[in-house]
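>>> Based on what follows, work out the 3D shape:
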Amino acid sequence: MARDQIDMTPLQSRDELVAWFEAGIKPPSEFRIGTEHEKTPFTLEGRQPVPYEGARGIGALLEGMQLLLGWEPIMENGNIIGLYDVTGGGAISLEPGGQFELSGAPLENVHQTQSELMAHLAQVREIATPLGIGFLGLGMTPSWSRSQIPVMPKGRYKIMTNYMPKVGQYGIDMMYRTCTVQTNLDFSSEADMVKKLRVSIALQPVATALFANSPFTEGKPNGFLSFRSEIWRDTDNARAGMLPWVFEDGMGFERWVDYALDVPMYFVKRGETYIDVAGSSFRAFFEGRNNSLPGQRPTISDWANHLSTIFPEVRLKRYLEMRGADGVPWGRLPALPAFWVGLLYDNDSLDAAWDLVSHWTAAERQALRDDVPRFGFKARIKDRYLFEIAKECLKLSYAGLRRRNRVDHSGRDESRHLEPLERILEAGRTPAEEMLDKFNGDWGGSVEPVYQEYAF
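Numbers count the residues shown, from 1 in each chain. A predicted model of the protein is given here:
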């Protein structure tokens, strides 16, 4: 979530950077589930992007949400850019093109995640419908060009927009045209973090295929099932990807610190001002060698903010973020935390998942990651289709959730949230392929019906 941290303690040593991550270690009894999802706002009339300004804009939507919820506004230069729930820990924020993000509170089980989501959607509808705003559950805007999409008034996005074209062809698309759902999960030790990180990076392509949901660009099929996933292959490879070094001996918090120190920075925040330092490393800043801030040392906040601008397939903060999935319609959103919780929060399933991926090489993992945006379940690793691996993962996740045995008010465990994924595997095709069939059939070669069938 793009909510910038404020802690102005200057950093003295590399050990403090390592300690920042170590502070995330929790006993399994305190493990929580955080789910974030983005959705694209559109005008119900005309199905156009929604500007920030005006009586029916995104700013008005946030102001209405603030009055309804009583959450703290997050302000920047007089503009409301988000809301924060002081009591529960959830937040609402804006992505660069107005994508509306709920960063859920840390919750104990997937049933609570679903309840949180339903409450959020009811609240959003109450404010958005009178403003003539709807929301779309796709991994990428299906019909708009880059130039049509408005820019939200956030300083960090200006800096990123200027920098992106220098480092990849799709960074602007990533910022302005994509939506994701991700889940954030805890670890109980450094070794537990490493194991979960390895398993989830290796299996991220499974989530990409199960949630593949971005086959259209500017009204036409783009040749991919998850174009959002393809976009990440050429956004900024200095800060994205499959992190092969994570699988090498000696992996731990220190290794991640050394990686993050060398990832180019975007900005440093001082008060309300974003200082553009794009392209220079955190390491140089740490050594007092940042040309924009000569002699200055970074603060804890600078470190936390920098870590939020690293975009690999799985990101380490004080928890692990699963980042491989397209945004989807609301009914499928709880399936993502359910899938990863079943695999990673149950030790037997985690061990079995590691057995599944431990013999894959870095080159094989990368080839699978490169193929999945176009081929979905038909991508292969060694002599196996991803479809078979996805089926195995779903079985492991299901078993893990059964063993966790967190039941809802009617006695059902969390495995019920996997039902949408079971249906996808029964059909044998990704959500994107189902959508392409509709496009070539009932929709008569138009993407317009998505604004009804895939709206929140």
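>>> for the protein, longest helix please?
The longest helix of the chain (DSSP state H) is helix 190-210.
>>> what is the mean pLDDT for it?
Averaging pLDDT along helix 190-210 yields 98.
>>> Kindly format the C-alpha coordinates of it as CSV.
As requested, the backbone C-alpha atoms of helix 190-210 are provided in CSV (Å, rounded to 0.1, in the frame of the first residue of the first chain):
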residue,chain,number,x,y,z
GLU,A,190,14.3,-16.1,9.4
ALA,A,191,14.3,-19.8,8.2
ASP,A,192,10.5,-19.8,8.0
MET,A,193,10.6,-16.5,5.9
VAL,A,194,13.1,-18.0,3.5
LYS,A,195,11.1,-21.2,3.0
LYS,A,196,7.9,-19.3,2.4
LEU,A,197,9.6,-16.9,0.1
ARG,A,198,11.1,-19.6,-2.0
VAL,A,199,7.9,-21.6,-2.2
SER,A,200,5.8,-18.6,-3.1
ILE,A,201,8.2,-17.2,-5.7
ALA,A,202,8.4,-20.6,-7.4
LEU,A,203,4.6,-21.0,-7.4
GLN,A,204,3.7,-17.4,-8.2
PRO,A,205,3.0,-18.4,-11.9
VAL,A,206,0.3,-20.8,-10.6
ALA,A,207,-1.5,-17.8,-9.0
THR,A,208,-0.9,-15.8,-12.2
ALA,A,209,-2.7,-18.5,-14.3
LEU,A,210,-5.5,-19.1,-11.8
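>>> partners of the helix or strand following that helix in the sheet?
Per DSSP states H and E, helix 190-210 leads on to strand 216-217 as the next helix or strand towards the C-terminus. As defined by DSSP bridges, the strand partners of strand 216-217 come to strand 220-221 (antiparallel).
>>> where exactly do the strands run in the stretch 1-150 of the chain?
33-43, 72-76, 79-84, 91-94, 100-103, 133-136 (DSSP state E, counting those that start in this stretch).
>>> can you list the ones you listed in JSON lines and add mean neighbour count?
No exception for glycine: its C-beta is placed from N, CA and C like everyone else's. Shown next, in JSON lines, are these (neighbours: other CB atoms under 10 Å):
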{"stretch": "strand 33-43", "mean neighbour count": "24"}
{"stretch": "strand 72-76", "mean neighbour count": "15"}
{"stretch": "strand 79-84", "mean neighbour count": "20"}
{"stretch": "strand 91-94", "mean neighbour count": "24"}
{"stretch": "strand 100-103", "mean neighbour count": "23"}
{"stretch": "strand 133-136", "mean neighbour count": "22"}
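>>> got these as JSON lines, with distance to residue 415 and mean pLDDT columns?
Shown next, in JSON lines, are those (distance: least, CB to CB, whole Å; pLDDT from 0 to 100):
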{"stretch": "strand 33-43", "distance to residue 415": "15", "mean pLDDT": "98"}
{"stretch": "strand 72-76", "distance to residue 415": "36", "mean pLDDT": "96"}
{"stretch": "strand 79-84", "distance to residue 415": "32", "mean pLDDT": "97"}
{"stretch": "strand 91-94", "distance to residue 415": "29", "mean pLDDT": "97"}
{"stretch": "strand 100-103", "distance to residue 415": "24", "mean pLDDT": "98"}
{"stretch": "strand 133-136", "distance to residue 415": "28", "mean pLDDT": "98"}
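>>> Please convert those strands to a markdown table, extending it with distance to residue 177.
Putting the strands of the stretch 1-150 of the chain into a markdown table (distance: least, CB to CB, whole Å) gives the following:
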| stretch | distance to residue 177 |
| --- | --- |
| strand 33-43 | 8 |
| strand 72-76 | 22 |
| strand 79-84 | 19 |
| strand 91-94 | 14 |
| strand 100-103 | 14 |
| strand 133-136 | 11 |
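>>> Quick check, pLDDT for residue 27.
Reported pLDDT for residue 27: 98.
>>> Phi and psi next, for it.
The phi/psi pair for residue 27 (degrees, to the nearest 10) reads phi -70, psi 150.
>>> How about the contacts made by it?
residue 188 (CB atoms under 8 Å, 6 or more residues apart in numbering).
>>> Which other helices and strands does the longest helix of the chain contact?
Packed against helix 190-210, as judged by 3 or more CB pairs under 8 Å, 6 or more residues apart in numbering; DSSP states H and E, are the following elements: strand 314-316, strand 320-326, helix 335-344, helix 347-357, helix 362-375, helix 386-404, helix 419-427.
>>> I figured residue 189 was touching residue 25, is that so?
Yes: here residue 189 reaches residue 25: they are 6.1 Å apart, a contact under CB atoms under 8 Å.
>>> Comparing the two, which shows the higher neighbour count?
Neighbour tally, residue 189 and residue 25, criterion other CB atoms under 10 Å: the higher count belongs to residue 25, 16 against 12.
>>> right, and the more buried one touches residue 187 too?
Yes: assessed by CB under 8 Å, residue 25 is found in contact with residue 187 at 6.6 Å.
>>> Now do the shared contacts for the two.
With CB under 8 Å, 6+ apart, residue 25 and residue 187 have common neighbours residue 193.
>>> before we move on, back to that, in the longest helix of the chain, what's buried?
Within helix 190-210, the residues that count as buried by 16 or more other CB atoms under 10 Å are 190, 192-210.
>>> Skipping adjacent residues, who's closest to residue 275 in space?
residue 268 (4.7 Å; CB to CB, 6 or more residues apart in numbering).
>>> Ramachandran angles for the one you found?
Backbone geometry at residue 268, expressed as degrees, to the nearest 10, gives phi -120, psi 140.
>>> The one 10 residues further on too?
The phi/psi pair for residue 278 (degrees, to the nearest 10) reads phi -50, psi 130.
>>> Report the separation between it and residue 234.
18 Å (CB to CB, to the nearest Å).
>>> Over to residue 68?
Taking CB to CB, one finds residue 68 at 40 Å from residue 234.
>>> residues near residue 216, how many?
22.
>>> so what's the closest residue to it other than its chain neighbours up against?
Among residues not flanking residue 216 along the chain, residue 142 sits closest, at 3.9 Å (CB to CB, 6+ apart). Residues near residue 142 by CB under 8 Å, 6+ apart: 136, 216-217, 219, 447, 450.
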